[in-house]
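# Sequence and predicted model, in that order:
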Amino acid sequence: MTQPVQTAPLREEHDRTLEQLSARKSIFHFAHAAVSLFVAAIMGGASIKLSRDVEFEWAPSLVLPALIVTGVAFSYGVVRLVIGRAAMSKEHAAFERLKTLRRSLELDQVPALPTKS
């Protein structure tokens, strides 16, 4: 069976929205944020350890580079977290639209079960 003409634009919008949602950009941003915040925590701990380390004379000279890496990684993580939240809100709106389209196209309707005559 062919679909009526009036549902063709809805079906095209449904397919476009489904394709957009298949690539979740927010997951990519959240993964980058998690890794960079983890690196920032490790480097922050390393800079604290280097600042207290009096065993080696070269250790205090590495505190400033470790703090710079910590600041850059932390800033990058926060920016990725903000971008990820914005992408997630767009994906949520697109998903709500997709659910509306599926209801209007009746794609989730369960077909009637055949009965014995």
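Nice, I can see it. Not measured: the values here are computed from a predicted model. Numbering: from 1, shown residues only.
# switch to C-alpha atoms for all contacts and neighbour counts from now on
Noted.
# contact partners of the helix or strand of the chain with the lowest mean pLDDT?
Taking mean pLDDT, DSSP states H and E as the measure, helix 8-22 is the helix or strand of the chain with the lowest mean score, a mean of 82. Helix 8-22 is contacted by residues 91, 94-95, 98, 101-102, 105 when judged by C-alpha atoms under 8 Å, 6 or more residues apart in numbering.
# Same list, those residues, but as TSV with secondary structure please.
Written out in TSV, the entries for these read as follows (DSSP: H, G, I helix; E, B strand; the rest coil):
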residue	secondary structure
E91	helix
A94	helix
F95	helix
L98	helix
L101	helix
R102	helix
L105	helix
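# Quick one: those as a markdown table, columns for distance to P111 too.
Listed next are the contacts of helix 8-22 as a markdown table, based on distance: C-alpha to C-alpha, whole Å:
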| residue | distance to P111 |
| --- | --- |
| E91 | 30 |
| A94 | 27 |
| F95 | 24 |
| L98 | 21 |
| L101 | 18 |
| R102 | 15 |
| L105 | 14 |
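# give me the element the residue nearest the centre of the chain is part of.
The residue lying closest to the centre of the chain (C-alpha atoms, centre = their mean) is S26, at 1.8 Å. Secondary structure from DSSP states H and E places S26 in helix 25-52.
# Please apply the same query to R103.
Counting by DSSP H and E, R103 is part of helix 63-105.
# other SSEs contacting that helix?
Applying 3 or more C-alpha pairs under 8 Å, 6 or more residues apart in numbering; DSSP states H and E, we find helix 63-105 packed against helix 8-22, helix 25-52.
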